[in-house]
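sequence below, structure please.
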Amino acid sequence: KRTKKLKRFNRIREDQFAFHYDTKMLAEHFREFSPEDEVTISVKVHGTSDIFANILCNRQLSIWEKIIHDLKTNDGGTQFTTGQNYEYALKSFRKIMGYDAITGFNISVAEIQKWKDGMKHGVKGKDGKLIGKISDTTAGIYLRACRAVWNTCVREGFLKDVPYPFSNKKEKGLVSIPPSAKRRKCYLRVCQMTELYNLFISKQYPEHWGESYTASVHFSLGLFLVQYLCNGFNMADAARLKYDNYYFQNEGKAFRFNRKKTEKTSANGSEVIIPIIEPLQRILDEIAAPPTRDGYVFPQIFNGAETEEDRRKRTQQENKNVRERMDNVCHEVLQWDESIKPSGTWCRHSFATNLHNAGVEVDYISESMGHSTGEHAITHIYLDTYPLEKQMEYNSKLLDLNTERSKREKLLAELAELSEDDLSQ
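From the prediction side, this is the model:
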């Protein structure tokens, strides 16, 4: 009877695996299915016996889809972007391997390696054109998503006594995952960041930009500098930054926030303290909202968005605005080399690199960026390792405002603010 049912299900959907559950088993296992699963249930009553159900489902890929669904919807969708990466990875797998390439849990090292090769070199589509080719960096992201799905299958007991297929280095018989791209050259030196800061203060923008666009560029330049001076945090963190109790307890001299990207995986929730050095305060005075308890520092980013999806879209748009406007600042105003393409990532790398080059302790840099502090991660929850005064001292090295050129530009900025009557006195 089971063979007959399996044949019938195979006619409904080729190359899929069918499960046969009685009512009790169905109740126990139904939670494993997500709204994205393609499920066919046939029900039959055998006299007075229980109802039987046959579940038709591609198991391993269904778990992948369930993880995508959970990432996009759990906790209000706070990991929506991660869910998108998992979704893009699955689409890549199906594009290269075929929609029905995997049945049940019969995925092998050879099949994952074939997918990896397809991402590197591409495969021919139905029209003969090359499809599926992506960068090694993106392939690494997709393979790490696949590895996470594999680990979930192992943890849930679906994969037993199966050799682990992945490796972070090249090993025979395993799928090596390309490392993340090195971005050591994607940063601005202290002198360049200082030049940007002086431009923000002087407001010497091209006249042909117009008042509205100039105001937008000024805000984006300020936000870019804020990301740099706020320990290299990203736009999602900037959007969520608030004037909390910690800010008022420290008389407006420091912010505290939990880094969104790693707050769920870090021992201390990735808590970060930002010392508000004088240049940062100068920028806040111009582009931030006035301090109100529990109020957003930069409400312009979310612009009233309430759902996590809308907030994500607003954050992405602000990132795009900053990239495009900083491109004009760097190339049209400052005449920098065309290869310089500042973004939020550049802010983070600039913060770490410039402090390191200034001789600041690596432990401080790591702690300031919300990175794990290794074996002492739990201890750091209770210790105030770096007093605020020391943090102020270290972060003051991010700009060079003591040079003769800086003094001259500061004086010019002050003179530009004076009226004709003030100058005649």
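
and stretch 212-228, average pLDDT?
Mean pLDDT, computed over stretch 212-228, is 98.

no wait, stretch 359-368
For stretch 359-368, the mean per-residue pLDDT is 91.

got the residue ranges for the helices in the stretch 51-200 of the chain?
59-73, 80-97, 109-121, 136-155, 190-202 (DSSP state H, counting those that start in this stretch).

buried set for the longest one?
Meaning helix 136-155. Across helix 136-155, burial judged by 16 or more other C-beta atoms under 10 Å covers 138-150, 152-153. For glycine as for every other residue, the C-beta is placed from the backbone atoms N, C-alpha and C.

just name the lowest-scoring one in those residues, pLDDT-wise.
residue 153 (84).

apart from its neighbours in sequence, what residue is nearest that residue?
Distance criterion C-beta to C-beta, 6 or more residues apart in numbering; nearest residue to residue 153, sequence neighbours excluded, is residue 159 at 4.5 Å.

was I right about that neighbour contacting residue 150?
Yes. Counting by C-beta atoms under 8 Å, residue 150 is a contact partner of residue 159 at 7.1 Å.

you'd agree residue 204 is in a helix?
No. Under DSSP: H, G, I helix; E, B strand; the rest coil, residue 204 falls outside any helix and is assigned coil.

residues in contact with it?
The neighbourhood of residue 204, defined by C-beta atoms under 8 Å, 6 or more residues apart in numbering, consists of residue 333.

what's the answer for residue 332, then?
By C-beta under 8 Å, 6+ apart, the contact list for residue 332 reads residue 206.

one step back: would you turn the helices of the stretch 51-200 of the chain into TSV with distance to residue 216?
Putting the helices of the stretch 51-200 of the chain into TSV (distance: least, C-beta to C-beta, whole Å) gives the following:
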stretch	distance to residue 216
helix 59-73	31
helix 80-97	25
helix 109-121	38
helix 136-155	31
helix 190-202	13
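
out of those, flag the one nearest residue 245.
Nearest of the helices of the stretch 51-200 of the chain to residue 245, taken as C-beta to C-beta: helix 80-97 at 28.6 Å.

now do that closest one: which elements does it pack against?
helix 59-73, helix 109-121, helix 136-155, helix 308-328 (3 or more C-beta pairs under 8 Å, 6 or more residues apart in numbering; DSSP states H and E).

show me what the shortest one is packed against.
Using 3+ C-beta pairs under 8 Å, 6+ apart as the contact criterion, the elements in contact with helix 109-121 are helix 80-97, helix 136-155, strand 175-176.

residue 285 is nearest to which of the ones you listed?
helix 80-97 (31.9 Å).

residues of that closest one that come out buried?
Within helix 80-97, the residues that count as buried by 16+ other C-beta under 10 Å are 80-83, 85-90, 92-97.

understood, closing this out.
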